[in-house]
Every structure is written in C-alpha cells, then in structure tokens.
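Colleague: What follows is a predicted protein model with its sequence.
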Amino acid sequence: MTALPQSTDRKLGLVIDLDTCVGCHACVINCKEWNTSGTGAPLSDQEPYGDTPMGTFLNRIHTFEVEVEASPAQMVHFPKSCLHCDDAPCVTVCPTGASYKRSEDGIVLVNEDDCIGCGLCAWACPYGARELDQEAGVMKKCTLCVDRIYNENLPEEDRVPACVRTCPAGARHFGDLGDPSSAVSQLVAERGGMDLMPEQGTKPVNKYLPPRLRDRSMSGGKSLESKGDSPKGLLSWIDRALEAL
C-alpha cells in the first residue's frame with residue numbers, strides 16, 4: 001500500500017463557486033474531450049447511443065433543489081470530481097501502490113500500469129470520485145489536467161485544467177491552496193469557502209463557495225453560511241429591474 005507524503009510543497013486544487021455555476025455541463029464535456037483525445041488514456045463509453053448508455057467521466061454535475069427556512073426553494077448545481085485530499089483514503093487502501101499523492105504539488109494520481117482494477121479506492125473514497133473504466137479495467141479519476149498545467153508548449157492562459165478553461169460562468173478557479181496569498185486562497189477566505197463532508201476527516205484540498213439565497217427581499221443577499229454583500233454590477237441591475245415590475 002502507498003504511504004501519503006508527510007507534507008507537500010504546494011496544494012494545487014480547485015475552488016468551485018456554487019453561486020455562479022449554472023449547470024451547463026461545459027466542464028464535463030471538455031474534461032471528457034481532453035482526457036480522451038489528449039496525452040492520457042482514452043475514457044471509454046459503452047453503448048453511447050443504446051438504451052443503457054454508460055461511460056467513464058472524471059467530472060460530473062449533480063443538481064439539487066434546496067429549501068432553506070424563510071427562502072423559496074432554489075436549484076443548486078454541484079460539480080464533483082476528485083478533491084485531492086491531504087489524507088486521501090484512496091491512496092492508503094491501494095494494495096499495489098497504483099494510487100499515490102505527489103509531494104511536489106499534492107495531486108492524487110493513478111499509475112494505470114500498476115492498477116489491477118480491484119475497486120478498493122472507489123470503496124474508500126467518500127465522495128464517489130473514482131470510476132472504473134469498463135474497457136481499460138483500471139480506475140480513473142481527475143488528474144487536475146497535470147498534462148496541461150505543466151505543458152510549456154501551451155499558452156500560459158491554457159495551463160489550467162480543461163474544466164477551468166472552458167467554464168463560461170467563471171465558476172471554477174485553480175491555484176495553490178497551500179499559499180495563503182494566492183488568489184484562490186484569498187477567494188476562499190473572502191467567501192467562506194467550505195470543505196465537502198469535513199466530518200470524513202480526509203482534508204480535501206478543493207473548496208466550495210456557498211450559494212447565496214435568491215430571495216433578496218427576505219435574506220438581504222446573505223450567503224447560506226455567512227453574511228454577503230449586496231449584488232453589484234449586472235446582478236444589481238437585474239434586481240432593480242425586477243423590483244420595478
């Protein structure tokens with residue numbers, strides 16, 4: 001089994017804004033495209049045009065209807081992929097050492113040559129972020145597009161995960177969450193970024209920014225977790241236009 005590094009030089013990860021995500025699935029499609037036609041092994045599909053289509057995806061979006069006291073129900077689109085946890089149980093449970101966490105940047109990866117497809121990592125992951133590729137017979141997961149972020153042949157603006165580059169709403173952010181001065185760390189601090197299922201003790205690197213309540217007349221634009229600022233710019237104009245109706 002693989003041992004986790006005592007510490008990592010950096011903690012590369014994603015910050016996902018649940019207030020901004022519109023559930024368009026652009027990140028899902030571009031992730032699939034990059035990881036199928038890029039330098040990595042293709043992500044297979046089974047009967048994509050049949051009655052029971054199946055396939056391997058490294059990023060999925062779940063949509064929920066959320067009810068909060070004193071506020072009408074609202075839709076929340078929840079993107080989910082590997083969270084590259086500091087205390088990653090998928091790594092320590094792997095019997096062959098195929099799953100490992102890099103000490104240089106904290107990214108959790110799978111060495112597919114050593115993976116036997118036993119599925120123990122999928123059972124250990126509390127987030128359901130591991131998928132067995134039915135065609136390859138090995139476990140697949142988000143790599144944070146490690147083949148993009150260090151690729152000096154790409155323009156600098158493209159050296160981010162494919163999901164971040166393609167998001168039309170700007171809901172996905174990438175950077176070093178181990179650096180308190182980084183843009184993503186400051187964003188987490190300003191918006192009250194949260195861990196997913198912190199009770200699991202996995203210490204996920206990826207963070208989520210909570211959505212705001214949509215009924216501003218009742219909530220004053222407050223966050224689901226903490227006080228937030230009133231809408232500005234386009235959102236402020238929409239508010240005024242709606243109030244005039």
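Modeller: Structure received.
Colleague: Low-confidence regions, the chain specifically.
Modeller: 1, 38-41, 70, 214-245 (pLDDT under 70).
Colleague: So if we follow the domain assignment, how does it break up?
Modeller: 12-211, 213-245 (automatic domain parsing).
Colleague: Could you single out the most deeply buried of those?
Modeller: Burial of those is given as mean neighbour count (mean count of other C-beta atoms under 10 Å); domain 12-211 ranks first at a mean of 17. (C-beta placed from N, C-alpha, C; glycine too.)
Colleague: Report the distance from that domain to the chain centre.
Modeller: Offset of domain 12-211 from its chain centre (C-alpha atoms, centre = their mean, to the nearest Å): 4 Å.
Colleague: And Ala88, how far from Thr8?
Modeller: 11 Å (C-beta to C-beta, to the nearest Å).
Colleague: Let's have the domains of the chain in a markdown table, adding distance to Thr2.
Modeller: Output for the domains of the chain, formatted as a markdown table (distance: least, C-beta to C-beta, whole Å):
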| stretch | distance to Thr2 |
| --- | --- |
| domain 12-211 | 5 |
| domain 213-245 | 35 |
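Colleague: what touches both of Ala88 and Thr8?
Modeller: Lys101 (C-beta atoms under 8 Å, 6 or more residues apart in numbering).
Colleague: which outside residues touch stretch 175-191?
Modeller: Taking C-beta under 8 Å, 6+ apart as the rule, stretch 175-191 contacts 8-13, 15, 17, 106, 173-174, 193, 205-207, 209-210, 223, 228.
Colleague: can you do 7 Å?
Modeller: Thr8, Arg10, Lys11, Leu12, Gly13, Val15, His173, Gly193, Val205, Lys207, Leu209 (C-beta atoms under 7 Å, 6 or more residues apart in numbering).
Colleague: what's the answer for stretch 160-169, then?
Modeller: Contacts of stretch 160-169 (C-beta under 7 Å, 6+ apart): 20-22, 24, 26-27, 30-31, 34, 59, 144-145, 148-149, 158, 172-174.
Colleague: coming back round to it: inside strands: which ones of the contacts of stretch 175-191?
Modeller: Leu12, Gly13, Val15, His173, Lys207, Leu209 (DSSP state E).
Colleague: And what about the nearest residue to the first one once chain neighbours are set aside, helix, strand or coil?
Modeller: This points to Leu12. Excluding its sequence neighbours, the residue lying closest to Leu12 (C-beta to C-beta, 6 or more residues apart in numbering) is Asp105, at 4.7 Å. With DSSP: H, G, I helix; E, B strand; the rest coil as the basis, Asp105 sits in coil.
Colleague: What about the contacts of stretch 160-169, which are in strands?
Modeller: Those of the contacts of stretch 160-169 lying in strands (DSSP E): Arg172, His173, Phe174.
Colleague: wait, which of those is closest to Pro79?
Modeller: Arg172 (7.4 Å; C-beta to C-beta).
Colleague: pretty sure Thr202 is touching Val91, no?
Modeller: No - Thr202 is not in contact with Val91 according to C-beta atoms under 7 Å; the separation is 10.4 Å.
Colleague: Most widely separated two among the contacts of stretch 175-191?
Modeller: Thr8 and Leu209 (23.0 Å).
Colleague: Quick one: the helices in the protein, in order.
Modeller: 26-37, 89-92, 120-124, 146-149, 162-166, 183-191, 216-219, 234-244 (DSSP state H).
Colleague: got these as a markdown table, with distance to Asn111 columns?
Modeller: Listed next are the helices of the chain as a markdown table, based on distance: least, C-beta to C-beta, whole Å:
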| stretch | distance to Asn111 |
| --- | --- |
| helix 26-37 | 16 |
| helix 89-92 | 11 |
| helix 120-124 | 12 |
| helix 146-149 | 13 |
| helix 162-166 | 21 |
| helix 183-191 | 27 |
| helix 216-219 | 48 |
| helix 234-244 | 45 |
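Colleague: This completes my enquiry, with thanks.
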